[in-house]
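Undergrad: Need a 3D model of the sequence below.
(one chain, ligands or ions: 1)
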Amino acid sequence: MATMYTETVKTVRHWTDRLFSFTATRNPGFRFISGQFTMIGLQINGRPLLRAYSMCSANHEEQMEFFSIKVPDGPLTQHLQKLQPGDSLIVGGKATGTLIQDNLLPGKTLYLLGTGTGLAPFISIIKDPDTYERYDHIVLAHGCREIAELGYGEMVVNNLLADEFFGELAREKLLYYPTVTREPFRNTGRITTLFETGKLEADLGLPRLNRETDRVMLCGSPQMLTDLNRMLEERGFAEGNHSEPGHFVIEKAFVEK
Ligand code: A2P
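TA: Residues are numbered from 1 along each chain as shown. Predicted coordinates for the structure are as follows:
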């Protein structure tokens, strides 16, 4: 059987009735690249029940962090949402995933486009100094239904911008673009629409999305990925993977049905 670690939950924070984040101890042997995911879960009826979760913590952090949806009858999340500090968490020993820098060709602006819990892999990426070495700008666009669902991303970005060591780099290069679709806010509309109209780039003072300078990572619902994939291919972007780097890469958000 593959390596599994048993970790201890340290903190839990509920953002809305649908979203929560939590931290846990990290085995020193657990290695990953920013943007990757691993299997995590709980013992349910004496057996491990695991689902794929992206790491929201940076590689240099001692603890692990995850961002999760709560599904009332979701096989894992109905239990996971009840986690308390001190509880055990199973963490699979192997990390994997396509949202890694080596799958992208060099570029000037990195667009990280996530909806809902699709934000998660981008959190480890924006905390990684290597990302800032590779790009002039890193755009983190997060689309949610309601403002309250942006809370976790907002907190992480604000902490990063205020960070004693990291803040200067983040303030120079990181452009955060939260948007909501179901209530008034300073940015509204789906990420797809915001690119179709060019509003997203215009609001940030950047040129229209183009494959010469821009690289894109996508994480969200299957429909969001289909729509953005089509838009990127229409603009001549090629999908990258482990054998051939490209202009964009895709990972689906691991949402429980
Ligand atoms: P909408 O409110 O118009 O459905 P969810 O919580 O359902 O995963 O949605 C997260 C965000 O993703 C919502 O703002 C939702 O907008 C948006 N969304 C849903 N489908 C798409 C899509 N195909 N492309 C881009 N954004 C989408």
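Undergrad: Which stretches in the stretch 51-200 of the chain count as strands?
TA: 64-69, 88-92, 109-115, 137-144, 174-180 (DSSP state E, counting those that start in this stretch).
Undergrad: per-residue confidence for residue 255?
TA: On pLDDT, residue 255 comes in at 64.
Undergrad: do the same with residue 201
TA: As predicted, residue 201 sits at a pLDDT of 98.
Undergrad: And the ligand, is the helix or strand containing it touching that?
TA: According to DSSP states H and E, residue 201 maps onto helix 199-204. No: counting by C-beta under 6 Å from any ligand atom, the ligand is not contacted by helix 199-204; separation bottoms out at 11.8 Å. Glycine gets a C-beta too; all of them are placed from N, C-alpha and C.
Undergrad: Next: stretch 140-152.
TA: Yes: shown here: stretch 140-152 in contact with the ligand (C-beta under 6 Å from any ligand atom) through 143, 144, 145.
Undergrad: Return the members of those residues classed as buried.
TA: 143, 144 (16 or more other C-beta atoms under 10 Å).
Undergrad: Format the residues of stretch 140-152 next to the ligand as CSV; extra columns: pLDDT.
TA: CSV is the format used below for the residues of stretch 140-152 next to the ligand (pLDDT from 0 to 100):
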residue, pLDDT
143, 98
144, 98
145, 97
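Undergrad: any idea how far residue 110 is from the ligand?
TA: Noted for residue 110: a distance of 19 Å to the ligand, by C-beta to the nearest ligand atom, to the nearest Å.
Undergrad: That residue reaches residue 217, doesn't it?
TA: Yes: judged on C-beta atoms under 8 Å, residue 110 makes contact with residue 217 at a distance of 7.2 Å.
Undergrad: Show me what from the stretch 51-200 of the chain comes close to the ligand.
TA: Taking C-beta under 6 Å from any ligand atom as the test, the list of the stretch 51-200 of the chain residues beside the ligand reads 115, 116, 143, 144, 145, 181, 182, 190, 191, 192.
Undergrad: if you set the cut-off to 8 Å instead, what comes out?
TA: 115-118, 143-145, 149, 179-182, 190-193 (C-beta under 8 Å from any ligand atom).
Undergrad: Give me the buried entries from these.
TA: Applying 16+ other C-beta under 10 Å to those flags 115, 116, 117, 118, 143, 144, 149, 179, 180, 190, 191, 192 as buried.
Undergrad: With distance to residue 83 as added columns, please give these in JSON lines.
TA: Shown next, in JSON lines, are those (distance: C-beta to C-beta, whole Å):
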{"residue": "115", "distance to residue 83": "24"}
{"residue": "116", "distance to residue 83": "20"}
{"residue": "117", "distance to residue 83": "16"}
{"residue": "118", "distance to residue 83": "21"}
{"residue": "143", "distance to residue 83": "26"}
{"residue": "144", "distance to residue 83": "22"}
{"residue": "149", "distance to residue 83": "19"}
{"residue": "179", "distance to residue 83": "29"}
{"residue": "180", "distance to residue 83": "27"}
{"residue": "190", "distance to residue 83": "31"}
{"residue": "191", "distance to residue 83": "30"}
{"residue": "192", "distance to residue 83": "34"}
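Undergrad: which one of those sits closest to residue 80?
TA: residue 117 (12.3 Å; C-beta to C-beta).
Undergrad: Do I have it right that the closest one meets residue 66?
TA: No: with contacts counted by C-beta under 8 Å, residue 117 stays clear of residue 66, the gap being 9.5 Å.
Undergrad: Check which helix or strand the nearest residue to residue 10 once chain neighbours are set aside maps to.
TA: Once flanking residues are discounted, residue 10 sits nearest to residue 23: 4.6 Å by C-beta to C-beta, 6 or more residues apart in numbering. If you go by DSSP H and E, residue 23 is part of strand 19-24.
Undergrad: helices or strands next to that strand in the packing?
TA: strand 4-14, strand 64-69, helix 151-162 (3 or more C-beta pairs under 8 Å, 6 or more residues apart in numbering; DSSP states H and E).
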